[in-house]
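Asker: Structure for this input, please:
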Amino acid sequence: LCLARRLIIERCLFACDIDKEAIYICRLALLSMAEGNLNTAEILEKRILVADPLIDEGLWSEQSLSQSNHGGKGFDLIVGNPPYISMYGRGSQAHFFSSSYLKHLSTEHSTIDDELVISGRVNLFLSFMVLATRFIDANHQDYPLVALVLPDTMITNEAYAPMRFGLSKGRRLLEVQKHNADLFEGANVGISVVFWGCKQIKDTHPQTVRLVEFSDDQKLFIETHASIRSRQYCSWLPCSTTTLMAAIMDDASSVPLEQVAEVKDGFNTGSADRRQSLLVRTPNEFSIHMRLCLEGKWITPHKIRHRQ
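Answerer: As a prediction, the model looks like this:
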């Protein structure tokens, strides 16, 4: 058992992070599992790296990868929790990055299967989704898999519709999980876990997507890729497509957001208190700071109240 564990660590594991301390702790933990083998320590120095994969995709030599997956250049499984770094709005952190870095992201990490999957409301985790897809596409073995922990806004946010459509169009998407758990302290978004693989062309490959909600009672829905793409903004919300389509409001039973309240800086899916804090009473004349509701654009009068 000890030998098997050491061989897995030496031959199968690769990782990187820009946090030196995190990488140091990771190496020590794996070395401890390998009982301090010196050969393992040397291998970990070459495969568990301090680096930013978005600007250096050639982190690991082809020799290392070919030794680990029988001649392939990609990975069999990619797991991770990419950083959620906003590049838009009042909370934008784009000023921390150079213009050349941002240009690199837009030119090198914005498409999947020649489809533009990042536009408008940009967040760094989307670039990591593109990169992970590229890594598994380089693996010519059967059924490589990506599993990433993402904000639950990935499931329904209108701005992320291009990414949802891109992963569904090639029947890459396999499963979406929505977790009603406060995993990250202080975060104003929930958690989702998204699984996808290589582009599926043959009819023998999976034709359906599992949509799962983990709450007090687990809910599972099986939907076809075609039905997912037929949803408004290609929503991944865990429910049946029939139920979702029936819940869409028409213009007669809804009201434009600007008639209800002035939005100071967009509308997000955080807590109720957070959403309410973004609203002020509507002035007599429309303000130049009016913003469309970023998710849905239309709401019923009963879905929101003026801040008193």
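Asker: alpha carbons only for contacts and neighbour counts from here, please
Answerer: Will do.
Asker: May I have the secondary structure class of the residue lying closest to Thr40 once chain neighbours are set aside?
Answerer: Leaving out its chain neighbours, the residue that sits closest to Thr40 by Cα to Cα, 6 or more residues apart in numbering is Glu10, at 5.9 Å. What DSSP: H, G, I helix; E, B strand; the rest coil gives for Glu10 is helix.
Asker: what's the burial count for Glu10?
Answerer: Residues contacting Glu10 under the criterion other Cα atoms under 10 Å number 21.
Asker: and if you look at Leu173?
Answerer: Around Leu173 there are 27 residues (other Cα under 10 Å).
Asker: Would you mind measuring from it to Trp196?
Answerer: With distances taken as Cα to Cα, to the nearest Å, Leu173 is found 4 Å from Trp196.
Asker: again with Ile136
Answerer: For Ile136, the distance to Trp196 - Cα to Cα - is 10 Å.
Asker: ok, now Ser106?
Answerer: From Ser106 across to Trp196, the span is 22 Å (Cα to Cα).
Asker: The two: who's more crowded?
Answerer: Ranked by neighbour count (other Cα under 10 Å), Ser106 and Trp196 place Trp196 first, with 24 against 16.
Asker: and the more buried one, backbone torsions?
Answerer: Per-residue torsions, Trp196: phi -150, psi 170 (degrees, to the nearest 10).
Asker: does it have beta-bridge partners, and which?
Answerer: Here Trp196 shows beta-bridge partners Val146, Leu173, assigned using DSSP bridges.
Asker: and Val212, helix, strand or coil?
Answerer: At Val212 the chain is in strand, as set by three-state DSSP.
Asker: beta partners of it?
Answerer: Assigned bridge partners for Val212, using DSSP bridges, are Gln177, Leu220.
Asker: can I assume it is in contact with Ser240?
Answerer: No. At 10.9 Å, Val212 does not count as touching Ser240 under the criterion of Cα atoms under 8 Å.
Asker: higher neighbour count, these two?
Answerer: Shown here are Val212 and Ser240; by other Cα under 10 Å, Val212 has more neighbours (22 against 16).
Asker: Contact partners for that one?
Answerer: Each residue near Val212 by Cα atoms under 8 Å, 6 or more residues apart in numbering is listed here: 175-178, 218-221, 238.
Asker: Take those residues and write them to CSV, including pLDDT.
Answerer: Output for the contacts of Val212, formatted as CSV (pLDDT from 0 to 100):
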residue, pLDDT
Glu175, 96
Val176, 97
Gln177, 96
Lys178, 93
Gln218, 87
Lys219, 91
Leu220, 94
Phe221, 94
Pro238, 92
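Asker: Name the nearest of those residues relative to Trp60.
Answerer: Comparing those against Trp60 with Cα to Cα places Glu175 closest, at 28.8 Å.
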